[in-house]
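*Asks:* Just need the structure, nothing else, for what follows:
(one chain, ligands or ions: 1)
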Amino acid sequence: MNKQIVPEHIAIIMDGNGRWAKKRFLPRNMGHRAGANTLLKIVKHAAELGVKYITAYAFSTENWKRSDDEVSGLMKLFSEYLVKERENFIKNGVKLLISGRRERVPQELLDVIDETVNMTKGCENITLNIAFNYGGRAEIVDAINRAMQAGEVEMSEDKFAEYLYNQIPDPELLIRTSGEMRISNFLLWQIAYSEIYVTDVLWPDFNEEDLEKAIEVYQNRDRRFGGVKNEK
Ligand code: FPP
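*Replies:* Predicted structure coming up:
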């Protein structure tokens, strides 16, 4: 891996927590707990490599269909995680952002999210954008509604991007763990030109070496942006 050309923004579909737990005869929520620890490890290593943004898919607008037990477990995990990690975020320069809808999310979790976003807003080492209650189509529809409410009459791509949940650069690399070849309604607008890397590794097992391998594969891709070879 060439440390001089790491992607500025990596998006991650953290899939396979359930299968990881099942293999160990553990409840699914234990897989999510292990996955949350993996995310901490990966953000730390990404920051060391010079990555400036990580967007991680933690809960989709479709995940409400899971059992009450799993949904409430994920809400509780996220809240505990933020309370436990916020001091470390500040110490390590991790700025928290959230992408997603607020509706249906318990008020107590929204308060913890808002506090943590506020506490870390001056952090500059890396931005951790957690997609929570997130759907790519929902984000586009929400952006359209906000633009109409603001009285916009004509759109451009740049102007439209101002109405998305967060104004950060598009990811150059999208990683999906656990082998599924799907986008699953993640960052539909932002991944227009992202390189996609899928690995069979289950998210809780994904480690620093796997991250470097994904970056190395990305570095060996020929990114043409619709142009011809070696031309950007
Ligand atoms: C997909 O695996 C994963 C999720 C739906 C949740 C992702 C959440 C975490 C990694 C932890 C929470 C993060 C934070 C920041 C607290 P799956 O359950 O669909 O796995 P499976 O396909 O093997 O069943």
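*Asks:* Quick check: residues of the chain near the ligand?
*Replies:* Near the ligand, the residues belonging to the chain are 14-19, 32, 35-36, 39, 58, 63, 77-78, 81, 130, 178, 203 when assessed by C-beta under 6 Å from any ligand atom. To be clear about C-beta, it is placed using only N, CA and C from the backbone, and glycine gets the same treatment.
*Asks:* Out of the residues you listed, list just those in strands.
*Replies:* Among the residues of the chain next to the ligand, the ones falling in strands (DSSP state E) are 58, 130.
*Asks:* average pLDDT for stretch 2-20?
*Replies:* Stretch 2-20 shows a mean pLDDT of 96.
*Asks:* Got a quick PyMOL command for the buried subset of the residues of the chain next to the ligand?
*Replies:* Buried subset of the residues of the chain next to the ligand, written as a PyMOL selection, criterion 16 or more other C-beta atoms under 10 Å:
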select buried, resi 14+15+16+17+18+19+32+35+36+39+58+63+77+78+81+130+178+203
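*Asks:* To what extent is residue 62 buried, counted in neighbours?
*Replies:* 11 (other C-beta atoms under 10 Å).
*Asks:* Next up, the contacts around the closest residue to the ligand within the chain.
*Replies:* Going by C-beta to the nearest ligand atom, the ligand is nearest to residue 18 of the chain, at 2.4 Å. If you count contacts by C-beta atoms under 8 Å, 6 or more residues apart in numbering, residue 18 has them with 28, 31.
*Asks:* show me where the protein has strands.
*Replies:* 9-13, 53-60, 94-99, 126-134, 173-176, 195-198.
*Asks:* Could you say which one of those strands comes nearest to residue 149?
*Replies:* Of all those, it is strand 94-99 that lies closest to residue 149, at 19.2 Å by C-beta to C-beta.
*Asks:* Farthest from the middle of this structure: give me that residue.
*Replies:* Within the chain, the residue lying farthest from the chain centre (C-alpha atoms, centre = their mean) is residue 153, at 31.2 Å.
*Asks:* For the closest residue to residue 119 other than its chain neighbours, report the pLDDT, please.
*Replies:* In space, and not counting its chain neighbours, residue 119 is closest to residue 86: 5.7 Å by C-beta to C-beta, 6 or more residues apart in numbering. pLDDT, residue 86: 97.
*Asks:* got a list of what residue 86 touches?
*Replies:* The contact partners of residue 86, by C-beta under 8 Å, 6+ apart, come to 96, 115, 116, 119, 120.
*Asks:* need the contact list for the spatially most central residue of the chain.
*Replies:* Closest to where the C-alpha atoms of the chain average out (C-alpha atoms, centre = their mean) is residue 56, at 1.8 Å. Residue 56 is in contact with 11, 12, 14, 39, 128, 129, 130, 131, counting by C-beta under 8 Å, 6+ apart.
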